[in-house]
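Student: model the structure of this input:
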Amino acid sequence: MGFMTEFREFAVRGNVVDLAVGVIIGGAFGKIVDSLVKDIIMPLVGLVFGKLDFSNLYVVLGNVPAGVNNNLPELQKAGVPVLAYGNFITIAVNFIILAFVIFLMIKQINRLRAEPDPKPAEAPPPPEDIALLREIRDSLKRP
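Tutor: Numbers count the residues shown, from 1 in each chain. Sure thing, here's the model as predicted:
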């Protein structure tokens, strides 16, 4: 079997195609969650904490050159070392929300996959020795 034939069989296998679809949908879903965090959740969190915008939280680690405004985009553009921990907080919240949503989706899928048991399973018959002992017991109880 040639290399290209093996590769073609590998590439069109169900698992590889499913993985590709999952990656594409995951990328699109990640953008949706990113927008949810950035445009809806973080402004609400900022409102609760006094109009705090996490994406603009940073610590300047070096000297600010003259003529550079003290805001994150201009500091980064000027090459000033900046610890932008607010962006990390935003991404961490994004991850937590994404993980929670995926957890809920998997939980729902597992619930739907579980087939309901139409009737409870009958108890297996007792072993032969137990059945014989019960017959003996029952025959001794009769008058």
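Student: going forward, measure contacts between C-alpha atoms and count neighbours the same way
Tutor: Will do.
Student: how about the helices in this structure?
Tutor: Assigned by DSSP state H, the helices in the chain fall at 3-11, 14-35, 42-48, 72-77, 85-113, 128-141.
Student: count of neighbours near Ala99?
Tutor: 12 (other CA atoms under 10 Å).
Student: how much space between it and Asn110?
Tutor: 16 Å (CA to CA, to the nearest Å).
Student: now the helices of the chain as CSV including mean pLDDT?
Tutor: Output for those, formatted as CSV (pLDDT from 0 to 100):
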stretch, mean pLDDT
helix 3-11, 81
helix 14-35, 82
helix 42-48, 77
helix 72-77, 85
helix 85-113, 82
helix 128-141, 87
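Student: center of the chain, which residue is that?
Tutor: Ala99 (3.0 Å; CA atoms, centre = their mean).
Student: was I right about Val80 contacting Asn63?
Tutor: Yes. Proximity of Val80 to Asn63 meets the contact threshold set by CA atoms under 8 Å, at 7.2 Å.
Student: neighbour-wise, which of the two wins?
Tutor: Val80 (17 against 8).
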